[in-house]
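Student: Build the 3D model from these lines:
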Amino acid sequence: MYQLKKKVFFIIATLLLSSSYAQYSKINNDPDAAYKAAKEFWQKEQYSLAYPIFKQLYNSGNYASNFPLHAQEDCKYYVLVCGLMLNDASIESMAKEYVLTTNNAIHAGSLNYYLGEYFYRKKDFATANKYFENASIDNLNNHEIAQMKFHQAYGYFSNQEFTKAKPLFNAIRQIKDNPNYIDANYYYGFIMFYEKKYKEALASFTIVENNESYKNIVPFYIAEIYYFGGERDKAIDYAKAALQKGNQFYELQLKQLVGHALFEKREYKQALPYLEDYVTKSTKVRREDMYELAYCYYESEKYNKAIEGFKQLGGKEDSLAQNSMYLLADSYLKVDDKVGARNAFLFCASNSNNEKQKEISLFNYAKLSYELGYLDIAHKELKSFIKTYPKSSFINEAKELQVAVLANTSNYKEALALFDSLPQQSDNIKKIYPKILYGRGVEFFNDQQLNVADDLFSKVLQVPYNTQYIQFVYFWKGEIAYRNGKIDEALDFFINYLKSPRTNEEINVSNARYNAAYCYLKKENYKTALDLFQQVVIDASSSSTLLIQDAYIRSADCFFMLKNFTQALKMYDEVINQNLSQADYAMYQKAIIAGANNKLSEKITLLQSIAVRYPNSSLITEAYLEVANTYLSQEKWADAIPYLDKVLKDKKATAFHPQAYLKSGIAYFNMDKNKEALELMKTLVVKYPNSPESDDAVEYIRKIFVEDQKPGEFVTFMQENGKPVSYVEADSLTFKSAILRYEARDFVNAKKGFSEYLSKFPDGRYAIEANYFSAEIFISEKKYEAALPYYNAVAAKAPNIYAERSALQSARIYYFDKSDFVNAEKYFKQVKELTTQQENKLEAMRGLLRCQYKQQKWTEAVPNAQDLLKEKGIAAEDKMMATMIIAKNYHLNNNLTEAITAYKSVIAIAKSEFSAEAQYRVAEILLAQNNLTQAEKAGFEVIKKYGSYEYWVTKSYILLGDVYFAQKDYFNAEATYKSVIENANIPELKQEAETKLAATIEAKNKTNKVEHQ
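Tutor: All right, here's what the predicted structure looks like:
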C-alpha cells in the first residue's frame, strides 16, 4: 500500500511539473494564446491561475507582432485586479497610481471597485469607501454592484457615518433576493434604533429576529423598543422569553431591562434576581442600576446587601445621592449600626435637593452623634439645628437632647460657653450648671491655671443645685490656697470638707487629713498636725504609697518638734530599718536629736553615714554643713574645714556656697590664718555680692585688713566690688522714702519712689530691694509683664533673700503669660538650684518639665521626670506630666510596648490634656501596629472623654478615618474626613483631612462597581 501511494504521488508531481513547463513554454512561444487562457481563468474568477500568466506577459514585454495593443494594456489592468483579489500587498501602490494616471476610464472605474474591495477586506473602511465612491458600475455585474453597495454601507456604518450608510442599507433591504437582504435589515434597524425611530427599527428587526446570525442579538433591541414605546409588559414578556431561549449576546442587558421594568412596576422581589445578576456580572454599572438593586434589597429586608449598594452612591449632589444616603442610614439603623447610620445621615444632610430629608438627616446626625459619644459634634449640630429649624417637629426633642449633651459631656469648655450664651436657662439646664463649672475648674487645676480654677470653684458654691459638688470644691480650693501660701484659708477648706466628706478619685478623707496636717505643720501647731497625720497612718512599710510614707515621717517630725525625742527616734529608726523613701532624712533627723541630747560624736557619725548609705541623697550637702557647724560650735576649726570644702566642690550645691565660704573663712580667721580667710571672704563678696553672707564677710575683711594695717587696700577692694565704705547718704534716703510709702500701701507713690531710686542708683545698695518691691507692686496690679524686668534684675543677682521668689515669678510669667518656654525653663532651673523649700522645689521641677515638654525635649526631660516622680507628696498633674515625658521618650525610641504602658499610666492618674494626648498616642501606636479594632476603640475614648481638648479630639477623628481607610471601609472613611473638614477649627488638621479625603475618594472610585461620572 505504501509503495502504491508513493507511486501515485510521483505520477501527480510529474504531471504538474510537465504542465508548468508546458505553460511557460506556451507563454513564451504564443503570447496571444496565453493571454486568452489567462482571461478565461479571470472570467471564471480563478484569479490564482490567471495572475501568474498575466504577470509573466506584463513583465516579459515579449508580445507577438499581431498581439493587439489594447490587450497589452489590459495585461497590466488584469495583473492589478488579480493581485488585489488575491490580497497581494506588493501591488497596492501600483494600483493606486494606476487609477490616478491611466487614460482608460473604464479600467479606472473598475479598478476603484477592486481597490475598495481590497481595503474592505483589510477592514480599512474609510479608504475602501473612498475608492467605492469613485468606482464605476458600468462594467460590474449585478452581484458585484450589490456587494459593493453593501460593503460601502457597512464601511460607513463601521465608521459611524450612519447618514451615509442608511440609504444604502435601505436600498438593499428592499430586494428580498439580495444576498445581503438580512444583514441590511439588521444594520438598517440598528440605525433606526439609534435615531430613535423605533417603528422602522422594529420592522427591520422583526425580519431578522429568527435568523441564525441575529436571533441571539436583536431580541434585546426589540425588547428595548417595546419598553421605549410604553409597552412595558410586552417588553418584559419578550425579554423573559429571549432569556429562556438562552445564549443571548446581550443577556446581561436583557436582565437589566427586565429588572428595571419590574422595578418601575414596584415589583421589587421579582426585579431583584435580574438586577442582582446584571450588577454582579458587570464590571461597572450606572448609578441608577446600583440604586435599583440596593432598593430591591432594602424592600426585601436584605439590609446588609442594601448597605453595600447604597454606600457606592454617595459623593454627588443630586437627588439620587441624597435619597441613597437617606435609605442607607435607615438600613444601617435596621442592623443596629449607628456609626454607619450617622455617617450616612451626614452625607444626606450635606445635600439640599430634598429639604425635608435634609432636615430629618441633620437632626438624626446630631442625635446619633450624642448617642455614640461624639459630643462635640452633637453640641454644634444641635445648636445649628435649633437655629435653622425653629419650627421643626423635632424642635422639642432637639432641645431636650441639647440639655442631655450638656449633662453628659466632658467638654466643659464648650459646655460653659454654650450655657453662658443661652438667653434663658431652664431649671433642667441650671441643674447641670454646677457640674459644668466644677468639671472646667478641675481641668484648669490640672493644667496649673490655679487662679482661674479657683474662680470657677467659687462660682460653684454660689449657684443653685450645687449640693453634689460642694465638698469636692472645698477640697480643691484647699489645695489651691495651700499652693498659693494661704495656709489659714486652705485649712478652713479642708476642715469644711472633713465635716461631710465625699470621695472622688484623689478626693478622699485620707488626702484631706494629710493636707490639713501639713497646714498645721506650717502653722507650727504640731500637736494637731500629729493627730491628723496619725489618722492617715499609724505604721508604714515599703509597700505603702509615698503619701503614706511621707505622713508617717511627718508624724515623727511632729514628735520631734514636741520634744518627744524617744517616740521620734523610734519612728525614724523604723523608716531607716525598712529603707523607706525618706530614710536619708530620718537619719539626718536622728543626728539632730543626738546633737540636742549633746551626743555630738554620735551626731557627727550619723551625719557622716548619710553620704555612705545614701549616695544619691539630696541631704548630703546639708549633712556636711551640719557636721561643719557641729565642729565650729566646738571651736574645732580645722575639723570643720574638710566638710565645708566638700560643699564648695559640689557644683549642684551652689545655694549653700555662700554659707560654706563664710564659715570656712571664719574657721581660718579663728585659726589665725588671715591669708586663707581673706581669700575665702573676698571670693564670697566677688561671687555672691548680694547674699546676706556677703555683708557678714565685709566685717571680717575689714578686721583682717586693719589687723594687717592695710586700710587703704580695704577701701579699694570695697569700691571695686560695688560696696563703698561710706554709702552716699542720698542712696539711703531715696530708698527709705520709697519703702515708707510701700509699707503704708501707697503703691502709686512707692512705685514712683522706687523708679526714681533705680534711675539714680542702678547699682545702689538697695537696688535689689527696689527692683523686688517694684515687681511686687505690678503683680498686685495684675500687670505681670510689667513686673518681669524687675524680677529678672533681682534673679540676676542671686543669691539674695529675694532671688528665689523673683526667679519663680519670672518663670511663671514667662510660662503662663508669655508662653516663652525657653526663658521660663531658664528661670525654673534657677529656682531648682536656689530653693531649699519643698513647695518651690516641686513647682520648679514641674515647671521645668512643662517647659521641656512644650519644647519637645523628650530625652533631656526624662531625668527630670524621674526625679519628680521620686518626690514625696507630688500631685496628680505632676505624676501625669512626668509619666507622659517617659512615655514620649519610649515612643520616640520605638519601644512601643513600654510606651503604651506608660501612656496608660498617664490616663489612669486623672483627666487633663496630658491624658487626652496619652489616649490618642495609644490609638496611634495601635494603628501603626495594624491592630485596627483596638485602635478604633482607643480613638473613640478620646472623643468621648476629652471633649475640651479640641486638638486631640480632632486628631482622633482623623485617626478613625485612617482606621476605616486601612479596613477599606471607604464610605465611613470618607464620612469621617468630611466631618473633620466641616467642623475643625484648626487649619493644619483641616488640611490633613482634605488630603486624606481626596485619597479616599480616589481609592473608592477604583473599587466601586458604579461608573465614575
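Student: Low-confidence ranges, the stretch 1-150 of the chain, go.
Tutor: Along the stretch 1-150 of the chain, segments meeting pLDDT under 70 span 1-30, 61-70.
Student: How about the stretch 301-450 of the chain?
Tutor: Scanning the stretch 301-450 of the chain for pLDDT under 70 picks out the ranges 403, 407, 409, 422-424.
Student: all helices for it, in order.
Tutor: Secondary structure of the stretch 301-450 of the chain (DSSP state H, counting those that start in this stretch): helices at 303-310, 319-334, 338-349, 355-372, 375-388, 395-408, 412-421, 427-446, 450-462.
Student: got the angle between the helix or strand following the last one and helix 427-446?
Tutor: Note on helix 450-462: by DSSP states H and E, the next helix or strand toward the C-terminus is helix 470-483. Between the direction of helix 470-483 and that of helix 427-446, the angle (axes from the mean of the first three to the mean of the last three Cα atoms, to 10 degrees) works out to 30 degrees.
Student: So what touches helix 470-483?
Tutor: With contact meaning Cβ atoms under 8 Å, 6 or more residues apart in numbering, helix 470-483 is reached by 438, 441-442, 445, 450-451, 453-454, 457-458, 460-461, 487, 489-494, 496-497, 500-502, 504, 507, 511-512, 515-516, 518-519, 839, 843, 875. Any C-beta I mention is one placed from the backbone N, CA and C, and that applies to glycine too.
Student: In PyMOL, how would I select just the buried ones from these?
Tutor: Of those, the buried ones can be selected in PyMOL as follows, counting by 16 or more other Cβ atoms under 10 Å:
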select buried, resi 438+441+442+445+450+453+454+457+460+487+490+491+492+493+494+496+497+501+507+511+512+515+516+518+519+843+875
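Student: For the stretch 551-700 of the chain, which segments are assigned as strands?
Tutor: With DSSP state E, counting those that start in this stretch as the criterion, the stretch 551-700 of the chain has no strands.
Student: remind me which residues of this structure are low pLDDT?
Tutor: By pLDDT under 70, the low-scoring segments of the chain are 1-30, 61-70, 403, 407, 409, 422-424, 705-731, 733, 872-873, 1012-1013.
Student: all strands for it, in order.
Tutor: Using DSSP state E, the chain contains no strands.
Student: List the contacts of the residue nearest to residue 287 when sequence neighbours are not counted.
Tutor: Nearest in space to residue 287, with sequence neighbours left out and distances taken as Cβ to Cβ, 6 or more residues apart in numbering, is residue 1010 at 5.3 Å. Shown in contact with residue 1010 (Cβ under 8 Å, 6+ apart): 284, 285, 286, 287, 290, 312, 313.
Student: and the residues you listed, which are buried?
Tutor: Neighbour-count burial (16+ other Cβ under 10 Å) applied to these gives 285, 287, 290, 312, 313.
Student: mind listing what the second one touches?
Tutor: For residue 287, the contacting residues are 313, 316, 320, 1010, 1011, 1013, taking Cβ under 8 Å, 6+ apart as the criterion.
Student: Dump the residues you listed into TSV; add distance to residue 977 as well.
Tutor: Below are these laid out as TSV (distance: Cβ to Cβ, whole Å):
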residue	distance to residue 977
313	18
316	17
320	23
1010	20
1011	23
1013	21
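Student: quick one: which two of the residues you listed are the most distant?
Tutor: 320 and 1011 (13.2 Å; Cβ to Cβ).
Student: taking the helices of the stretch 301-450 of the chain together, which one is wrapped up most tightly?
Tutor: Highest mean neighbour count among these (mean count of other Cβ atoms under 10 Å): helix 338-349, with a mean of 25.
Student: okay, the angle between that one and helix 355-372?
Tutor: Relative orientation of helix 338-349 versus helix 355-372 (the same axes, to 10 degrees): 150 degrees.
Student: Helix 338-349 packs against which elements?
Tutor: Applying 3 or more Cβ pairs under 8 Å, 6 or more residues apart in numbering; DSSP states H and E, one finds that helix 338-349 contacts helix 319-334, helix 355-372, helix 970-983.
Student: Okay, residue 853 and residue 815: tell me how far apart.
Tutor: Going from residue 853 to residue 815 by Cβ to Cβ, to the nearest Å gives 11 Å.
Student: Which of those two has more residues huddled nearby?
Tutor: Comparing residue 853 with residue 815 by other Cβ atoms under 10 Å, the one with more neighbours is residue 815, at 22 against 19.
Student: what residues are up against that one?
Tutor: Neighbours of residue 815 in contact, by Cβ under 8 Å, 6+ apart: 821, 824, 828, 847, 850, 851.
Student: Tell me which residues touch the residue lying closest to residue 946 once chain neighbours are set aside, please.
Tutor: Counting by Cβ to Cβ, 6+ apart, the nearest residue to residue 946 once its immediate chain neighbours are dropped is residue 916, at 3.7 Å. Contacts here follow Cβ under 8 Å, 6+ apart; on that basis residue 916 touches 942, 945, 946, 949, 952, 953.
Student: Quick check: residue 487 touching residue 525?
Tutor: No - with contact defined as Cβ atoms under 8 Å, residue 487 does not reach residue 525; the gap is 10.4 Å.
Student: State the number of residues packed around the closest residue to residue 997 other than its chain neighbours.
Tutor: Among residues not flanking residue 997 along the chain, residue 977 sits closest, at 3.9 Å (Cβ to Cβ, 6+ apart). Residue 977 sits with 27 neighbouring residues when counted by other Cβ under 10 Å.
Student: From residue 163, how far out is residue 977?
Tutor: Per Cβ to Cβ, residue 977 is found 50 Å from residue 163.
Student: Residue 970 now?
Tutor: From residue 970 to residue 163 the distance is 45 Å (Cβ to Cβ).
Student: More neighbours: which of those two?
Tutor: Legend: neighbour count by other Cβ under 10 Å for residue 970 and residue 163, higher for residue 970 (23 against 10).
Student: Pull the contacting residues for the closest residue to residue 925 other than its chain neighbours.
Tutor: Using Cβ to Cβ, 6+ apart and skipping residues adjacent in sequence, the residue nearest residue 925 is residue 896, 5.2 Å away. By Cβ under 8 Å, 6+ apart, the contact list for residue 896 reads 890, 925, 928, 929.
Student: In a markdown table, list these along with neighbour count and distance to residue 635.
Tutor: Shown next, in a markdown table, are those (neighbours: other Cβ atoms under 10 Å; distance: Cβ to Cβ, whole Å):
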| residue | neighbour count | distance to residue 635 |
| --- | --- | --- |
| 890 | 21 | 56 |
| 925 | 21 | 65 |
| 928 | 11 | 69 |
| 929 | 13 | 70 |
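Student: Residue 72: which of the residues you listed is nearest?
Tutor: Checking the contacts of residue 896 against residue 72 with Cβ to Cβ, the nearest one is residue 928 at 89.3 Å.
Student: Now do the contacts for that closest one.
Tutor: Residue 928 neighbours (Cβ under 8 Å, 6+ apart): residue 896.
Student: That one and residue 939: what is the separation?
Tutor: From residue 928 to residue 939 the distance is 13 Å (Cβ to Cβ).
Student: export the helices of the stretch 301-450 of the chain to CSV and tack on distance to residue 785?
Tutor: As requested, the helices of the stretch 301-450 of the chain are arranged in CSV below (distance: least, Cβ to Cβ, whole Å):
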stretch, distance to residue 785
helix 303-310, 59
helix 319-334, 53
helix 338-349, 45
helix 355-372, 42
helix 375-388, 34
helix 395-408, 36
helix 412-421, 25
helix 427-446, 21
helix 450-462, 16
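Student: Out of those helices, which is closest to residue 805?
Tutor: Here helix 450-462 is closest among the helices of the stretch 301-450 of the chain (Cβ to Cβ), at 16.6 Å.
Student: chain center to the closest one: distance?
Tutor: 34 Å (Cα atoms, centre = their mean, to the nearest Å).
Student: ditto for stretch 926-933
Tutor: On Cα atoms, centre = their mean, the centre of stretch 926-933 falls 14 Å from that of its chain.
Student: try stretch 283-297
Tutor: 34 Å.
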